[in-house]
Structure formats: C-alpha cells, structure tokens
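Trainee: Here you go, sequence then predicted model.
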Amino acid sequence: MSELNRRLDFGVRVAGEKAQLPDEFITLSQLPELVDTSVTPYNEDLIGEVNNINTDFITSYNYVSNAIIVTKNGVVLTPGEDYIEISENAIRFAIPPSNYEMRDLLHIYYYCKDLLAYGAGVPYNEPLNGIIDGANVTFTTTRSYIDRTTIVIKNGVVQTLNTDYYELGNNVISFVIPPIAIGEPDSLYIYYFCKSPGTSGSGDAYYWHTQMVASNVWHIIHNLGKKPSVMVTDMDNQVVIGDIMYINDNVLDVYFTQAFSGNAYLN
C-alpha cells in the first residue's frame, strides 16, 4: 500500500500517487482528537474561475484544516508552497491556475465538517441495478444520491469518478466501458450518501461503521435489531472478507487474519 493511499480515505485514488504528502498531514484516526463534530470524506472539483489571474477557490462544504489534498492535473500539490488555506472552505494558489491551451483541472479531497448537517442525507450501499450485457452502460441506485459522494466498486476494485464512470444525477450513473457478462458477470456495487434519511424504501435499516484503530477484530454495535449483512473495505476501499460472529441482534464481531482499519457497511 503506497504512503498516499495509506493516508487517503476518500474512496478514489489520486492520479499523482507517487507524490509525497507532508508528514504533518492529518489521518482519519487522528480526527477525533482534533474536532468535536462528525466528519465525512468528500471530494469535488474546486469552485472558481480559471483565467490565469484568479488564485482563490472554494469548496462546497467546510473542511477540516490541514487535512486536505489538492491536485492540479492529477498531481498532488504541496500545502504551504503551491497553495494555502485561507478559510474553512477556501484556498489560495501561489500561481494562478492556467487556461492556456488546456484548462488546469483542480480537485480537492477533504474531510467535510458534519456533512449530514447540510442536509446531505445518510450513508447507504447496494448492488447497482441494470442489465450487464457488454453493451449497457447505464445503471441506477434504489435511492437518490448526493453528487460526488458515490463510491463504485467493480469486481472488488474501486472505480474512479469521471474516468471510469460518471454521475448523471439523481440515481443514475454511466460507465465509460460497458460491464461485461462473459463468463462470470461483472460484480457492481455502490456506496453513497442518499438524499432520503432513515431506512430504505422497503423499510430495511442500515448502519455504516468506521474502524479508525487498526484491529483484527472489529466490535460493531449497530442497534439494527437484526442480523445484518456485512461488507468490509480497507482504507484503499478494497473489499476484505472476514468471519462474522453475531453476538445478538444489535452487536456483532468480525474477525480478520490481520489488523487493519477501514469501513463496514451493514444492512
């Protein structure tokens, strides 16, 4: 696992993966010590005019300071040199982004402060709905997602938004390459923040657990009142298989062969 992906928990890989992050970059496990609010990994294109003059760009939500990753044309930039944070949702570039010949692509990964407080819904996950026939590229979710909160997994591998697939809005995504059905059909799964709170349309409750401290036994108190299905991913969003022991209808343990941190999705 690269240093970048070890520290990055946003569900997508940064194109400039070989770039070195500063030693002081905050990791997810450190956040509870630094903020007293819930935080959510989030990523989006920076908002602002790219015109060779403007240096100030903003994010849609407030971020946790010193815990952002900014990329320009897929390369990770260095905080304090290439850009500085000037407010809770704004950064300033040292050199104005350019639109000569090719417009600079500016993207940011950050921990959003209390995304749910913005009315952004609740976490949900499910298999994508659609025909897998080597031709169809359009698939849907059961519920409407919040833009740029989707994590799509094909055959256990995280797909990159705007490279491998596109969000078409509401509850539709489109793959660049049609999923195939030759031999064993492609497995398509999606994690997202949905717009409607509570439970799924069928009344099926769910729970999203974040394991911040690496462990080979995850103790999860979900209070769902049932024995839910469980999917686990590591911090690279690779699916990890473990042995599940249901303590009762509200508590379970998951056992793994080695210690790691990540997320568990229960429904």
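Mentor: Yep, it's here.

Trainee: On the three-state scheme, residue 192 is what?
Mentor: strand (DSSP: H, G, I helix; E, B strand; the rest coil).

Trainee: Could you give the bridge partners of it?
Mentor: Legend: beta-bridge partners of residue 192 under DSSP bridges are residue 124.

Trainee: who's in contact with it?
Mentor: When contacts are counted by C-beta atoms under 8 Å, 6 or more residues apart in numbering, residue 192 is found next to 123, 124, 125, 141, 145, 146, 149, 150, 151. Every C-beta, even on glycine, is put in place using the N, C-alpha and C of the backbone.

Trainee: likewise residue 110?
Mentor: The contact partners of residue 110, by C-beta under 8 Å, 6+ apart, come to 41, 42, 43, 59, 63, 64, 67, 68, 69.

Trainee: Does the fifth one touch residue 109 like I think?
Mentor: No - counting by C-beta atoms under 8 Å, residue 63 sits too far from residue 109 to count as a contact (9.4 Å).

Trainee: which one of the contacts of residue 192 is nearest residue 170?
Mentor: residue 145 (7.8 Å; C-beta to C-beta).

Trainee: List the contacts of that closest one.
Mentor: Residue 145 makes contact with 167, 170, 171, 190, 192, 193, 194, 195, according to C-beta under 8 Å, 6+ apart.

Trainee: Just the buried ones out of those residues, please.
Mentor: Of all those considered here, the ones buried according to neighbour count by 16 or more other C-beta atoms under 10 Å are 167, 171, 190, 192, 193, 194, 195.

Trainee: hang on, the earlier thing: now the buried members of the contacts of residue 192.
Mentor: Among the contacts of residue 192, the ones that count as buried (16+ other C-beta under 10 Å) are 123, 124, 125, 141, 145, 146, 149, 150, 151.

Trainee: how about the buried ones among the contacts of residue 145, which pair is most distant?
Mentor: So, these by C-beta to C-beta: farthest apart are 190 and 195, at 14.4 Å.

Trainee: Residue 261: which element?
Mentor: Using DSSP states H and E, residue 261 sits within strand 251-266.

Trainee: possible to save the buried ones among the contacts of residue 192 as TSV with pLDDT and distance to residue 255?
Mentor: Formatted as TSV, the entries for the buried ones among the contacts of residue 192 read as follows, by pLDDT from 0 to 100; distance: C-beta to C-beta, whole Å:
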residue	pLDDT	distance to residue 255
123	64	24
124	72	26
125	75	21
141	89	31
145	81	32
146	75	33
149	75	30
150	82	30
151	81	25
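
Trainee: can you tell me which two in those are farthest apart?
Mentor: Using C-beta to C-beta for every pair in these, the one that comes out farthest apart is 125 and 146, at 13.7 Å.

Trainee: how much space between the closest residue to residue 133 other than its chain neighbours and residue 208?
Mentor: The spatial neighbour of residue 133 that comes closest, neighbours along the chain excluded (C-beta to C-beta, 6 or more residues apart in numbering), is residue 181 at 5.5 Å. As defined by C-beta to C-beta, to the nearest Å, residue 181 lies at a distance of 30 Å from residue 208.

Trainee: quick one, strands of the stretch 1-150 of the chain?
Mentor: Assignment of strands within the stretch 1-150 of the chain using DSSP state E, counting those that start in this stretch yields the ranges 39-45, 56-58, 69-72, 75-76, 83-87, 90-93, 106-113, 122-127, 138-140.
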